[in-house]
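Visitor: Sequence first, predicted model second:
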Amino acid sequence: MLNSPPRLKEYDQLGSLMVMLTRACQMACVYCVYDRSLPAMTPRDLKRSIDLLFTAECDPVRLQFFGGEPLLRLDLLLGGIRYAEKLSRAAGRSVRYTVTSNGLLLDRRVLDRLAPYGVDYLVSFDGGRAAQEAQRPLLKKGGPYPYRRILDNISGLVRSGQDFFVNMVTSPERAAEVERSAELLLEMGVGRIRFAYRMGALWRKGAAADYFSRIGRLLRRLRREGRMVSVFNPLCMDEPDLMSPTPTVDCDGRVYLGSVVPALERILPPLKGVCDAGTLGTVRRMQDLRQDRRRLWNRFLASCAGDRALLEIVRSNLQMGVLSDAFFDRMREFGLTGGRDAAA
Ligand code: SF4
């Protein structure tokens with residue numbers, strides 16, 4: 001496993017900000033272990049977050065709504081969009097929106113309300129029923145699992161023609177299911193998938209090799225059969241995902257480097273301190289949230305130095321990021337990542 005950081009991709013500008021509208025969620029995913037007691041973001045802090053986003057020097061900027069499940073606070077989300085639209089008109093700049101959703105509330109009514117703003121969606125869905133139920137259980141136990149409802153909502157999204165991709169998380173012990181889960185999404189008409197390895201879990205060499213070799217086999221087979229999927233991975237500069245460049249504003253107005261660590265605060269607690277960049281009152285410009293990725297890598301490892309098990313997990317997650325980046329770049333070079341993204 002890597003101790004010192006390898007050569008990592010650099011990004012030019014920070015033009016994207018994630019806002020955690022609420023920590024409330026109907027699910028209790030195994031890889032998303034955070035304190036749910038924080039109240040939702042206030043409208044004032046949401047506006048301040050958007051003001052911060054508009055300090056970015058690039059155009060367009062991107063506002064990403066995240067949670068918890070952000071659609072539980074559609075009122076707040078729409079208020080944020082209206083405010084961002086106002087700023088964008090006043091400044092003559094463009095703004096784009098992404099909503100990350102577990103799919104449960106993503107019905108026709110919601111799609112119609114957000115359609116005028118050209119919102120795109122990241123749907124967190126793990127594919128096959130077994131993987132979905134095991135990795136994404138409901139918070140409230142006892143009732144039937146709403147698998148069908150999520151499938152129906154994803155099918156509605158496909159029919160709507162709105163831009164989206166499915167973020168499909170695979171756990172190390174479920175690496176064998178990655179092909180079947182991706183197939184299921186393709187059968188539903190999903191055109192774009194991001195293959196995500198579960199973070200906060202220990203990826204041993206064997207599981208990692210199995211995971212990538214199965215995805216490689218799937219992509220080669222799809223090409224042979226003339227069924228190209230558009231793979232989102234090579235298009236983002238996020239890997240290692242633990243150090244994704246997009247900063248996050250939490251519900252309480254605290255600002256963090258990266259977008260992953262707040263959701264893992266109870267699995268990887270020391271990393272949260274490393275990513276803490278201040279508050280909406282102290283962080284003035286997006287540019288101040290730029291990471292020195294080599295330094296961050298070293299600080300992550302140093303922060304877990306006293307906990308061998310945790311250190312192994314963090315190292316393996318960083319390593320998975322490096323492998324994933326190299327793997328999908330290679331798949332892209334071979335023309336296997338398909339769809340309209342092949343030329344993007
Ligand atoms: S990953 Fe998303 S859907 Fe799952 S518990 Fe976290 S916020 Fe909810």
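Guide: Yep, that arrived. On a predicted model such as this, the values are computed, not experimentally measured, just so you know.

Visitor: Please make it C-alpha for all contacts and neighbour counts, starting now.
Guide: Will do.

Visitor: how about the closest residue to T246 other than its chain neighbours, what does it touch?
Guide: Leaving aside its sequence neighbours, T246 sits nearest to G258 (Cα to Cα, 6 or more residues apart in numbering; 5.0 Å). Applying Cα atoms under 8 Å, 6 or more residues apart in numbering, one finds that G258 lies in contact with L242, M243, S244, P245, T246, P247, T248, C275.

Visitor: Farthest-apart pair in the residues you listed, please.
Guide: Greatest spacing in these, by Cα to Cα: L242 and T248 (12.6 Å).

Visitor: hmm, back to that, distance to D288, pLDDT and secondary structure for the contacts of G258 - can I get that in TSV?
Guide: Formatted as TSV, the contacts of G258 follow (distance: Cα to Cα, whole Å; pLDDT from 0 to 100; DSSP: H, G, I helix; E, B strand; the rest coil):
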residue	distance to D288	pLDDT	secondary structure
L242	19	91	helix
M243	16	89	helix
S244	15	89	coil
P245	12	89	coil
T246	12	92	coil
P247	10	94	coil
T248	13	95	strand
C275	13	93	helix
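
Visitor: any bit of the host helix or strand of Y121 sitting next to the ligand?
Guide: Per DSSP states H and E, Y121 falls inside strand 120-124. No. Under the criterion of Cα under 6 Å from any ligand atom, strand 120-124 makes no contact with the ligand; the nearest approach is 6.7 Å.

Visitor: Name the residues of the helix or strand following that strand that come out as buried.
Guide: Tracing the chain C-terminally past strand 120-124 and defining elements by DSSP H and E, one meets helix 129-135 next. For helix 129-135, a neighbour-count test (16 or more other Cα atoms under 10 Å) marks R129, A131, Q132, E133, Q135 as buried.

Visitor: residue contacts, the last one?
Guide: Contact analysis of Q135 by Cα under 8 Å, 6+ apart lists C29, V30, Y31, D126.

Visitor: got it, and G80?
Guide: P43, L46, K47, I50.

Visitor: Which secondary structure state is assigned to it?
Guide: helix (DSSP: H, G, I helix; E, B strand; the rest coil).

Visitor: Please give the element, helix or strand, for the closest residue to E179 other than its chain neighbours.
Guide: Among residues not flanking E179 along the chain, L218 sits closest, at 6.1 Å (Cα to Cα, 6+ apart). Using DSSP H and E, L218 sits in helix 205-224.

Visitor: Residues in contact with that helix: which ones?
Guide: Residues outside helix 205-224 that contact it (Cα under 8 Å, 6+ apart): 172-173, 175-176, 178-179, 228-229, 320, 324, 327, 331, 336-337.

Visitor: Now it: buried residues?
Guide: A207, A208, Y211, F212, R214, I215, G216, L218, L219, R220, L222, R223.

Visitor: Equivalent analysis for stretch 48-65, please.
Guide: Those would be 48-54, 56, 61-65, for stretch 48-65 by 16+ other Cα under 10 Å.

Visitor: Contact partners for whichever residue of the stretch 101-250 of the chain sits closest to the ligand?
Guide: Using Cα to the nearest ligand atom, the closest approach of the stretch 101-250 of the chain to the ligand is made by N102 at 4.7 Å. Going by Cα under 8 Å, 6+ apart, N102 touches E69, V123, S124, F125.

Visitor: Kindly report the same for G189.
Guide: S155, V158 are the contacts of G189 under Cα under 8 Å, 6+ apart.

Visitor: Looks to me like it is in a helix.
Guide: No. Per three-state DSSP, G189 lies outside any helix segment and is coil.

Visitor: Next up, phi/psi of it, please.
Guide: Main-chain torsions, G189, degrees, to the nearest 10: phi 90, psi 10.

Visitor: who in the stretch 101-250 of the chain is up against the ligand?
Guide: N102, R136.

Visitor: low-scoring stretches of the stretch 101-250 of the chain, by residue?
Guide: Within the stretch 101-250 of the chain, the set of residues satisfying pLDDT under 70 is empty.

Visitor: Neighbour count for L242 and T248, which is higher?
Guide: Taking other Cα atoms under 10 Å, L242 and T248 do not tie; T248 has more neighbours (29 against 23).

Visitor: Now do the contacts for the more buried one.
Guide: L17, M18, V19, M20, V255, Y256, L257, G258, S259.

Visitor: May I ask which helix or strand encompasses the second one?
Guide: This points to M18. Assigned by DSSP H and E, M18 belongs to strand 16-20.

Visitor: quick check, distance from the helix or strand just after that strand to the centre of its chain.
Guide: Downstream of strand 16-20, the next assigned helix or strand under DSSP H and E is helix 43-53. Relative to its parent chain, helix 43-53 has a centroid offset of 21 Å by Cα atoms, centre = their mean, to the nearest Å.
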